[in-house]
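Engineer: whatever this is, show me its structure:
(one chain, ligands or ions: 1)
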Amino acid sequence: MEGHKEPLRVRVEGSHTNCSLSEMDDFHLTRALEKPRQLKIERKRSFDERSMSELSNGYVRQDSFLDMAHSPGSRSILDTPLSVRNSFEPHPIIAEAWEALRRSMVFFRGQPVGTIAAYDHASEEVLNYDQVFVRDFVPSALAFLMNGEPDIVKNFLLKTLQLQGWEKRVDRFKLGEGVMPASFKVLHDPVRKTDTIVADFGESAIGRVAPVDSGFWWIILLRAYTKSTGDLTLSESPECQKGMRLILSLCLSEGFDTFPTLLCADGCSMVDRRMGVYGYPIEIQALFFMSLRCALSMLKPDEEGREFIERIVKRLHALSFHMRNYFWLDFQQLNDIYRYKTEEYSHTAVNKFNVMPDSIPEWVFDFMPLRGGYFVGNVSPARMDFRWFSLGNCVSILSSLATPDQSMAIMDLLEHRWEELVGEMPLKICYPCIEGHEWRIVTGCDPKNTRWSYHNGGSWPVLLWTLTAACIKTGRPQIARRAIDIIESRIHRDCWPEYYDGKQGRYVGKQARKYQTWSIAGYLVAKMMLEDPSHIGMISLEEDKQMKPVIKRSASWTC
Ligand code: GLC
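Structural biologist: Here you go, the predicted structure:
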């Protein structure tokens, strides 16, 4: 099959248990709170009835948006609204991107099980880029699902589930049972004609970092697969139910925590080396939140599942409150922190975490627009990391961790700070970079993470898909279109690099791989979502009204 000419395959029906989308969306807090499950009687308007101005002008309500998507077996290109289809011109690089994505596929005993991180023959150092990374496979998986090819995704989910069952050790220390691998590699023996798998749970990774995000992405992907195919048999299988429970028991266990956020070590997610991203980083909190909500929609309320459902509900309640209130920063909130008193004791404290106003970095005063806001990088005692991180903020929108007002504010800020955050290549992994003395202390003098490079303010094309999804969800697809135009103007000439360097993201990254699979897949996913916005249902969750924050501090202009 050739790239963009591939027809969108109609989903295979038959042996699968199909569910309607509204049924799946009903698996939310109300169900979990053991109220009798109510099927939404009121059918939503079909997407065709919706005016596209709703998509481009204002916040699109997710319940209607999600319900219109993926009625199993029924979606076809014909369901795509004409207005969108007409505005969509297939770009010549789409075919090349599909070809490159297929080239990166990894097979185990003849079955496709994932995609390698990079197919860069020119690079002398392979390191572990020839492995299937769980986080890297997510955009590949979404591309395949959106193209009606769910098998590779199912195989991947099952293969990684098997790997989860391995005994995992770092030296003499045994890791938690639920840990999912960061990556795995298939070894082909051409003589014996056998395939074997080696997996890395952090015990081989540079710096021995823990892949906390892998389990979360696995759950999110299981829901995306289920939503896209309507096949409930996979998520309902005892193996998948157990896999979910094992992941959940790792992150829902009780301990010494005083916060509902998840405490992590350095390098536990996309930023997989020392970058000051430890403690309670936004990316992990947003993924944690999203995967809890996804798990809630898939866990069976049987004897073993019920307890987890209850724990999830309680945690979601506390987590959404904490994040929406303490991680949220806008002009008003910044001004409040600037005027904070310190050393407050007892329940009446306003400055609960004893943040020192002097620790507010200079740049944030200029960066913060009057209209707009974002979730800061980290919050813990006397420590607020004011950096803006793109993945955490986009996932907050997709998971509805951000309230509708906050989602709009995040997009407003992005538009306002386009030069800084997008510049000449979407999208900055974080803003701003750290340099000088701070770089020495925070990164431990990491030569790969020098200023405006790699994880330190580098620009990552893969982030285009999360940006596009967030744009569509907030009804602002034109922002995504702008970002896609920029990428299309050069990424293929540059051979699909892993990341770009520089304040504007103008230069191909110093040590960036070429033909980085998630740069390729991220672009395809962004294109397919814009072409058919109903795809967003796979990776987006509607707002849960029961999680409204008690204190309403949302977008700055509401204050
Ligand atoms: C880099 C990235 C990491 C990614 C890996 C493979 O280490 O920081 O997020 O998973 O490369 O592409």
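Engineer: tell me the secondary structure at the residue of the stretch 201-350 of the chain found nearest the ligand.
Structural biologist: Nearest residue of the stretch 201-350 of the chain to the ligand: Met270, at 4.0 Å (Cβ to the nearest ligand atom). All C-beta spots, glycine's among them, are computed from the backbone N, C-alpha and C. For Met270, the assignment made with DSSP: H, G, I helix; E, B strand; the rest coil gives coil.
Engineer: my guess is it contacts Gly458. True?
Structural biologist: No: the pair Met270 and Gly458 fails to qualify as a contact (Cβ atoms under 8 Å) at a distance of 11.3 Å.
Engineer: any idea of the pLDDT on Ile551?
Structural biologist: Note on Ile551: pLDDT of 48.
Engineer: how near is Val525 to His121?
Structural biologist: 25 Å (Cβ to Cβ, to the nearest Å).
Engineer: more neighbours: these two, which one.
Structural biologist: Between Val525 and His121, counting by other Cβ atoms under 10 Å, Val525 is the more crowded of the two (30 against 8).
Engineer: any idea whether the more buried one is helix, strand or coil?
Structural biologist: helix.
Engineer: can you pull the contacts of it?
Structural biologist: The contact partners of Val525, by Cβ atoms under 8 Å, 6 or more residues apart in numbering, come to Pro139, Leu142, Ala143, Met146, Trp465, Thr468.
Engineer: distance of the closest residue to Leu427 other than its chain neighbours from Gly522?
Structural biologist: Nearest residue to Leu427, sequence neighbours excluded (Cβ to Cβ, 6 or more residues apart in numbering): Leu463, at 4.0 Å. The gap separating Leu463 from Gly522 is 7 Å, by Cβ to Cβ.
Engineer: pLDDT below threshold where in the chain?
Structural biologist: The model of the chain has pLDDT under 70 over residues 1-89, 122-125, 548-559.
Engineer: tell me the secondary structure for the residue nearest the centre of the chain?
Structural biologist: For the chain, the residue nearest the mean C-alpha position is Val395 (4.9 Å; Cα atoms, centre = their mean). On the three-state scheme (three-state DSSP), Val395 is labelled helix.
Engineer: please name the nearest non-neighbouring residue to it.
Structural biologist: With Cβ to Cβ, 6+ apart as the criterion, Val395 has its nearest non-adjacent residue at 3.9 Å, and that residue is Ala286.
Engineer: which helix or which strand is home to that neighbour?
Structural biologist: Counting by DSSP states H and E, the element that carries Ala286 is helix 282-298.
Engineer: close to the ligand, is that helix?
Structural biologist: No: counting by Cβ under 6 Å from any ligand atom, the ligand is not contacted by helix 282-298; separation bottoms out at 10.3 Å.
Engineer: any idea which helix or strand comes after that helix?
Structural biologist: Using DSSP H and E, the first helix or strand after helix 282-298 is helix 303-322.
Engineer: quick one: that following helix to helix 282-298, angle?
Structural biologist: Interaxial angle, helix 303-322 versus helix 282-298 (axes from the mean of the first three to the mean of the last three Cα atoms, to 10 degrees): 140 degrees.
Engineer: could you find the closest non-adjacent residue to Tyr454?
Structural biologist: Lys448 is the one closest to Tyr454 (Cβ to Cβ, 6+ apart), at 5.2 Å.
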